[in-house]
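**Q** Could you look at this predicted model? Sequence included:
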Amino acid sequence: MAHEQGAAQVGAGKGGWDEARPTARLLLADGTLVEGDGLGAIGAAAGELCFNTAITGYEEILTDPSYAGQIITFTFPHIGNVGVNDDDVETVNMAGASGVRGAVFAADVTSPSNWRATRDLDAWLKARGIVAIAGVDTRALTALIRDKGMPNAVIAHAPDGQFDDAALKATLDGFEGLEGQDLVPLVGSPQRYGWDEAGWSWPGAAAPGAYSARAEGTATKRVVAIDYGLKRNILRMLTTAGCEVTVVPATASAEDILALNPDGVFLSNGPGDPAATGKYAVPVIQAVLEKKIPTFGICLGHQMLALAVGATTSKMHQGHHGANHPVKDLTTGKVEITSMNHGFAVARDSLPATARETHVSLFDGTNCGLELTDRPAFSVQHHPEASPGPQDSHYLFQRFVELMDRKPA
Ligand SMILES: NC(=O)CC[C@H](N)C(=O)O
C-alpha cells in the first residue's frame, strides 16, 4: 500500500500493541493506511473521518445521532477509562442505530474506573456494532484531517489480523460521502411520542435513575419537536424549561404539526447534508413560519431554518466537533464556550434581509445563529444542551420560552 508523504507518520501508531500483528486498520481515501489494535465490533465500516476535541463525554458523542455516517477520531488520548452507563446515552430512538460508523483512539482502553460505570467501552462498542481502533497517533491523524479536510475512510477490526484489502477498498469506494445524503431516516423516530423527562442538577445528579419526570401540571408551553435525529438532553432541557413536548417524525406534515396546536415548534439536530434533508423538511417549516408559530432550531434545525428562508448551506473543510468552541452572541456581546458537532454550515452571505445573524464562531467566523425579523423564529449552530460540554448556552432554551410568551396574536 503506497503511503503519501506524511502518511507513514500517521500509520506508525503509538505502540502499546502487537505491531507485528495489527488487528485493526483505518484506510483513508488518499491511500493512507493506519494500523492499530482492534476493539469493539468485528468487521468493517466506511464513513467520513472527523475529529472531536472534547475532553469528556465520549459516550454522549458516540451516541449522538448527528454522527451517523461518520468515524470519530478522539483527540483526547484516554478514552474509555470511566466506562459507560445507560444514563449518558444521547440516542432517543433506541430502535435505530446511533449511526456512528467507527471510533479511533490513541491509548488502549483500560478497565473502567468510575462509580457510574455499568459496562466497559469495548463490550459496549461490540454490542452496538461500532468498530474501533486504538494505538493510533491521533495527533498526526488530526493534523492530516485539518490539512486535507475530512476524508472518506474504512475502519476494520479482525482479531486474527487477516484483512482482505480488496474488500476493504470496495467498502470504502461504496461509501458516497456525506454530501447529498439524507441520513435522517436512519436515526429519527418513525412515530410520534410524548416526552416528560427533565434534566438533573447537582448535587444528587448523575446517580443511576437521577432523571425525573416533570412534576404534573408544571408545563406552561406546548412544544412540538420535529425529530431529525434528536439528542436526549435537548428534550430534557425543553422539559426543564417548562415545555410539554410532543416529538413528531421528520416526515410529519405541517397539518399534523398544526393539529397539535403548539405554542412553539422545535427543529432538532440530525445527521447528513441539510440540503438533502431540506427537500421534504423545508416546506413543513415554511408552513409553520407562515402561521407565525415561535420556532427554535439547533444545528441541523438551524440549517433547516436557514434553508426555509432561502439561504444556502455548504460543506465545511474540517467541521466543528468539540466542546471548547467560542461563540459570540451578537445580541448581548457575550462569548459562550460551546459544544459543537457539524460538518456543514449556513453561508452567511446567503441570508436574506429578513434573517439577522445572531451568533458567530470565534474560531473561524462561520455563522452560528440567526433570528428572523418578520417571524418569531431563531436558531443556533452549536449545541446549547451541551451533552457533553459547557453549559454557557443553556439560556437559549429560556429565550425560546420567552419567544413563546411574546407569541403574536
Ligand atoms: N449536529 C447536527 O445537527 C449536525 C448537522 C449536520 N448534519 C452537519 O453536519 O452540519
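**A** Alright, I've got the coordinates. Model, not experiment: these values are computed from the prediction.

**Q** CA only for contacts and neighbour counts going forward, please
**A** Noted.

**Q** For the protein, which residues are neighbours of the ligand?
**A** 66, 269-273, 299-300, 341-345 (C-alpha under 6 Å from any ligand atom).

**Q** could I get those residues as CSV with pLDDT?
**A** As requested, those are exported to CSV (pLDDT from 0 to 100):
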residue, pLDDT
66, 97
269, 98
270, 97
271, 97
272, 98
273, 98
299, 98
300, 98
341, 98
342, 98
343, 98
344, 98
345, 98
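
**Q** Among those residues, which one lies nearest to residue 228?
**A** residue 270 (4.9 Å; C-alpha to C-alpha).

**Q** Just to check, the closest one is in contact with residue 300?
**A** Yes: here residue 270 reaches residue 300: they are 5.4 Å apart, a contact under C-alpha atoms under 8 Å.

**Q** Which residue of these two possesses the greater neighbour count?
**A** residue 300 (32 against 29; other C-alpha atoms under 10 Å).

**Q** what sits against the more buried one?
**A** 228, 267-271, 274, 381 (C-alpha atoms under 8 Å, 6 or more residues apart in numbering).

**Q** Find the residues that touch each one of residue 270 and residue 300.
**A** Residues touching both residue 270 and residue 300 by C-alpha under 8 Å, 6+ apart: residue 228.

**Q** For the helix or strand hosting residue 172, give the mean pLDDT please.
**A** Per DSSP states H and E, residue 172 falls inside helix 165-174. Helix 165-174 carries an average pLDDT of 97.

**Q** Only C-alpha atoms, please: export the helix or strand following that helix in CSV.
**A** Downstream of helix 165-174, the next assigned helix or strand under DSSP H and E is helix 184-187. Provided in CSV are the C-alpha atoms of helix 184-187 (Å, rounded to 0.1, in the frame of the first residue of the first chain):
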residue,chain,number,x,y,z
VAL,A,184,-32.5,11.3,9.0
PRO,A,185,-34.4,8.1,8.2
LEU,A,186,-31.6,6.1,9.9
VAL,A,187,-31.9,7.7,13.2
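
**Q** Looking at helix 184-187 now, give me its mean pLDDT.
**A** Mean predicted confidence for helix 184-187 is 94.

**Q** next SSE after that helix?
**A** Past helix 184-187, the next helix or strand by DSSP H and E is strand 193-195.

**Q** From the contact counts, what lies against that following strand?
**A** The contact analysis (3 or more C-alpha pairs under 8 Å, 6 or more residues apart in numbering; DSSP states H and E) places strand 193-195 against strand 243-249.

**Q** now the end-to-end length of stretch 104-112.
**A** 18 Å (C-alpha to C-alpha, to the nearest Å).

**Q** One more: stretch 219-232?
**A** With C-alpha to C-alpha as the measure, stretch 219-232 spans 18 Å from end to end.

**Q** any chance you could map the helices in the stretch 201-350 of the chain?
**A** Ranges of helices in the stretch 201-350 of the chain, per DSSP state H, counting those that start in this stretch, are 232-240, 254-259, 274-290, 300-308.

**Q** Quick one: those as CSV, columns for distance to residue 111 too.
**A** Formatted as CSV, these follow (distance: least, C-alpha to C-alpha, whole Å):
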stretch, distance to residue 111
helix 232-240, 27
helix 254-259, 47
helix 274-290, 39
helix 300-308, 36
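
**Q** quick one, which of those is packed in tightest?
**A** helix 300-308 (a mean of 28; mean count of other C-alpha atoms under 10 Å).

**Q** So what's the gap between that helix and the chain middle?
**A** 15 Å (C-alpha atoms, centre = their mean, to the nearest Å).

**Q** what's the answer for stretch 23-30, then?
**A** For stretch 23-30, the distance to the chain centre is 23 Å (C-alpha atoms, centre = their mean).

**Q** So which bits of it are buried?
**A** 23-29 (16 or more other C-alpha atoms under 10 Å).

**Q** and what of stretch 382-392?
**A** 382-391.

**Q** what sits up against that stretch?
**A** By C-alpha under 8 Å, 6+ apart, the residues outside stretch 382-392 that reach it are 54, 56-57, 60-61, 90, 233-234, 237, 298-299, 323-324, 336-341, 368, 393-397.

**Q** Sort out for me which of these are in strands.
**A** Judged by DSSP state E, strands contain the following of the contacts of stretch 382-392: 298, 323-324, 336-341, 368.

**Q** of all these, which comes closest to the ligand?
**A** residue 341 (4.7 Å; C-alpha to the nearest ligand atom).

**Q** ok now do the closest one, which residues does it touch?
**A** 66, 299, 319-322, 382-383 are the contacts of residue 341 under C-alpha under 8 Å, 6+ apart.

**Q** again, 7 Å this time
**A** 320-322 (C-alpha atoms under 7 Å, 6 or more residues apart in numbering).

**Q** Most proximal residue of the stretch 1-150 of the chain with respect to the ligand?
**A** residue 66 (4.7 Å).

**Q** Equivalent analysis for the stretch 101-250 of the chain, please.
**A** residue 229 (7.7 Å).

**Q** Could you verify my assumption that that residue touches residue 185?
**A** No: counting by C-alpha atoms under 7 Å, residue 229 stays clear of residue 185, with 8.5 Å between them.

**Q** Look at those two and report which has more neighbours.
**A** Each of residue 229 and residue 185 has its neighbours counted (other C-alpha under 10 Å); residue 229 has more, 31 against 17.
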